[in-house]
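Participant: Can you look at this prediction? I've put the sequence above it.
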Amino acid sequence: MYKLNIEDIDFENKSLIVDGKGCKQREVYFTTRCFIFLKKYINKRKDNGNNALFVTERNPHRMSIAQMRYIIKRIAKRAGIKSSVYNHRLRHSLATHLLNNRAPMEVIQSILGHSKASTTAIYAQLCGQRRKELYQQYFR
């Protein structure tokens, strides 16, 4: 994600192509709300046309992974989140959120860019309430 450029964004389709592990590319999508924030962010920048999507504020240059981690941790701290928050945990949260909202495992696997369903199963874990609902549905 840190290698994204502004021109990689397809605002019309609310999507962009990202490079994953093993140089695998996949299309990812974003919400209308994200669309609005991305537009505001890009229009507000004062970096003299740097093509990187995420840049540092002072002496603008492409943001590193370490800098992104630092920002994510700061945002989590300001939000009052006590547990450790980091980039990869966000992937776990997305997978769990999708699973708890009844997304099929194949869809979650595709969104995360996994080639094996077993990898996706590690990421997506049912929350207590959803697990209880499924238990009651299948074990009557």
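Facilitator: Everything's here; your move. Numbers count the residues shown, from 1 in each chain.
Participant: What helices and strands are in contact with the helix or strand of the chain with the lowest mean pLDDT?
Facilitator: Taking mean pLDDT, DSSP states H and E as the measure, the helix or strand of the chain with the lowest value is helix 128-138, at a mean of 78. Using 3 or more C-beta pairs under 8 Å, 6 or more residues apart in numbering; DSSP states H and E, the elements in contact with helix 128-138 are helix 87-100. Where C-beta positions appear, they are placed from N, C-alpha and C, glycine not excepted.
Participant: The helix or strand residue 73 falls within: which residues count as buried?
Facilitator: In this assignment (DSSP states H and E), residue 73 forms part of helix 65-78. Neighbour-count burial for helix 65-78, counted by 16 or more other C-beta atoms under 10 Å, picks out residue 76.
Participant: ditto for stretch 98-118
Facilitator: Buried positions in stretch 98-118, judged by neighbour count with 16+ other C-beta under 10 Å: 98-100, 108-109, 111-114.
Participant: what's the angle from the least confident helix or strand of the chain to helix 87-100?
Facilitator: Inter-element angle recorded for helix 128-138 and helix 87-100: 30 degrees (by axes from the mean of the first three to the mean of the last three C-alpha atoms, to 10 degrees).
Participant: now could you export just the CA positions of helix 128-138 as CSV?
Facilitator: Extracted in CSV, the C-alpha atoms of helix 128-138 (Å, rounded to 0.1, in the frame of the first residue of the first chain):
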residue,chain,number,x,y,z
GLY,A,128,-19.1,-14.5,20.1
GLN,A,129,-22.6,-13.3,19.1
ARG,A,130,-22.3,-14.6,15.5
ARG,A,131,-20.7,-17.9,16.7
LYS,A,132,-23.7,-18.3,19.1
GLU,A,133,-26.2,-17.6,16.3
LEU,A,134,-24.6,-20.2,14.0
TYR,A,135,-24.4,-22.8,16.8
GLN,A,136,-28.1,-22.3,17.4
GLN,A,137,-28.8,-22.5,13.7
TYR,A,138,-27.0,-25.8,13.2
